[in-house]
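Engineer: Predicted model and sequence follow; I will ask about them next.
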Amino acid sequence: MIQQHQTSTIMRRSIITIITITFALLGIHKASAQQDPNFTLYNFNMNIINPAFAGIKDSPELNMVYRSQYLGIDDAPRTISFAYSRPLGNNLGIGISAINDRVFVLNETDLAVDISYKLKVGEKTKLYFGLKAGGGFVNIDLTRANNSGTDALFSQNQSFFNPHIGAGINIQNPKFYISVSTPNFLRGERYEKQGNRPSAAVDRSHFYLGGGYHYNINDNLTLTPRFMMRTVSGAPTSYDVGASMEIQSKYTAGLNYRIDETTSLYGLFEVIENLRLGAAYDISVQDASNINDNGSLEFILKYRF
């Protein structure tokens, strides 16, 4: 009995510590400009933006994503991401991820490790807390912007490392889910000023709040309306609203509207058992669409072991 009591006390202290750290990290979140890669299929790859989703499935899962933004425009954003997560036992989950983002002179690779802890708060409701740690390797090829070769400000490249720490909360129920997160709350730099080199451009974190409700129409059809708010100070808050229909747990079709930004169509289907392939197509509704009417493409490959 004494040993059980001691174990229970240690578990309670551990839970309180994780909760305190998670809320502290979320609470000191500050943001400035919109720099994180934008994904359309993030709902199917959530631990990229919320570490509390790491290892929440009963078996390991691997997700790979490729996104090509603004088709037909040279040096437009191209993003590749890799994410693997699995349960560890003892209510713990772990995940690793890598994101490579290229746009014009910028090439950034972010690496992260996620840890999550599961707490049962109801008969069917689970509360997950997650922490993310890693960093970004940034390379700015300033020489590409110096076509004439006469501007000393753009005569050489910039390369450096930015540490990342993030946190998230995830509430899961067979009927709904709620997600609150910031993948990184630390201040970072795109490039810095040294002598006559260009002044620093600063990265600060993004804050995400989202959720969805699963409505079972019948045994073969599930309708899930969703929303996501993405806020960054110094830029307009972004709102996603949409819905998807899952058919026989094998096919998914959906529509997403990022208010005043894009309309997206997407679908996923089971290629073979445990392997799903998905694609999304975005159409801009901003004034920029007058310049580029080719939209953006995104692909995702999901495998559950």
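Structural biologist: Received the coordinates, thanks.
Engineer: Any regions of this protein where pLDDT drops low?
Structural biologist: By pLDDT under 70, the low-scoring segments of the chain are 1-37, 142-156, 187-205, 233-234, 287-293.
Engineer: which residue is nearest the centroid of it?
Structural biologist: Centroid-nearest residue in the chain, with C-alpha atoms, centre = their mean: Ile49, separated by 2.7 Å.
Engineer: Now do the same contact list for that residue.
Structural biologist: By C-beta atoms under 8 Å, 6 or more residues apart in numbering, the contact set of Ile49 is Tyr42, Gly168, Ser179, Ser181, Pro183, His206, Tyr208. Quick note: C-beta positions are derived from backbone N, CA and C, even for glycine.
Engineer: So the fifth one sits against His164, correct?
Structural biologist: Yes. Between Pro183 and His164 there is a contact under C-beta atoms under 8 Å: 7.2 Å.
Engineer: Now do the shared contacts for these two.
Structural biologist: In contact with both Pro183 and His164: Ala112, Lys132, using C-beta under 8 Å, 6+ apart.
Engineer: Between the two, tell me which one has more neighbours.
Structural biologist: Comparing Pro183 with His164 by other C-beta atoms under 10 Å, the one with more neighbours is Pro183, at 26 against 19.
Engineer: Tell me where the stretch 151-300 of the chain has strands.
Structural biologist: Per DSSP state E, counting those that start in this stretch, the stretch 151-300 of the chain carries strands over the ranges 158-172, 176-182, 188-191, 201-203, 207-213, 215-216, 221-231, 238-247, 251-258, 262-272, 275-284, 296-304.
Engineer: Of those, which stretch is the most buried?
Structural biologist: Highest mean neighbour count of the strands of the stretch 151-300 of the chain: strand 176-182, a mean of 21 (counted as mean count of other C-beta atoms under 10 Å).
Engineer: State the paired neighbours of that one in the sheet, together with their directions.
Structural biologist: Paired with strand 176-182 in the same sheet, following DSSP bridges, are strand 158-172 (antiparallel), strand 207-213 (antiparallel).
Engineer: quick one: which of these is nearest Val65?
Structural biologist: strand 207-213 (16.7 Å; C-beta to C-beta).
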